[in-house]
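**Q** Any chance you can model this:
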Amino acid sequence: MGWSIENVRPQMDSIFENEGKRYSMQHPNALSPRVYLQHEGEISTETKYQIASLFPEFVYIDFFPNMLFTSEPVKLKILKGRKET
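**A** Take a look at the predicted model:
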């Protein structure tokens with residue numbers, strides 16, 4: 001049975017909105033059942049259990065606390081062998 005982090009995103013938005021913190025969630029390798037969760041500040045153990053309960057049992061969640069988030073999205077410009085003018 002398939003799963004996706006998009007299935008839990010609405011609940012995650014609600015959890016972190018209640019915490020007053022921003023977060024980023026990634027599933028970098030489709031072959032691995034590992035999710036990276038970066039968030040501002042610290043979150044309680046109860047909140048971590050609440051988050052873990054949203055995922056199937058076989059999914060590992062790596063929490064990365066105290067991440068810094070910019071107030072505006074950062075736009076990266078990729079220049080392929082050219083100087084910026």
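
**Q** in this structure, which spans are strands?
**A** Along the chain, counting by DSSP state E, strands occupy 23-26, 34-39, 60-64.

**Q** Relative to Val8, which of those strands is closest?
**A** With C-beta to C-beta as the criterion, Val8 lies closest to strand 23-26 of these, at 8.2 Å. C-beta here means a position set from N, CA and C on the backbone, and glycine is covered the same way.

**Q** May I see the buried residues of that closest one?
**A** 23, 25 (16 or more other C-beta atoms under 10 Å).

**Q** One more: stretch 11-27?
**A** By neighbour count with 16+ other C-beta under 10 Å, stretch 11-27 contains the buried residues 12, 15-16, 19, 21-23, 25.

**Q** contacts for that stretch?
**A** 4-5, 9, 34-41, 43, 47, 50-51, 54, 67, 69 (C-beta atoms under 8 Å, 6 or more residues apart in numbering).

**Q** hmm, which two among the buried residues of stretch 11-27 are most spread apart?
**A** Glu19 and Met25 (14.0 Å).

**Q** circling back: go through the buried residues of stretch 11-27 and flag which are in helices.
**A** Residues of these located in helices (DSSP state H): 12, 15-16, 19.

**Q** Can you tell me how far Pro28 is from Arg34?
**A** Here the distance between Pro28 and Arg34 works out to 8 Å (C-beta to C-beta, to the nearest Å).

**Q** any low-confidence regions in the chain?
**A** For the chain, applying pLDDT under 70 flags the ranges 1-2, 69-85.

**Q** any idea which residue sits dead centre in it?
**A** The residue lying closest to the centre of the chain (C-alpha atoms, centre = their mean) is Met25, at 1.5 Å.

**Q** Could you pull up the residues touching Ile43?
**A** Counting by C-beta under 8 Å, 6+ apart, Ile43 has contacts 19, 21, 63, 65.

**Q** ok, it to Asn29 distance?
**A** Distance of Ile43 to Asn29, computed by C-beta to C-beta: 24 Å.
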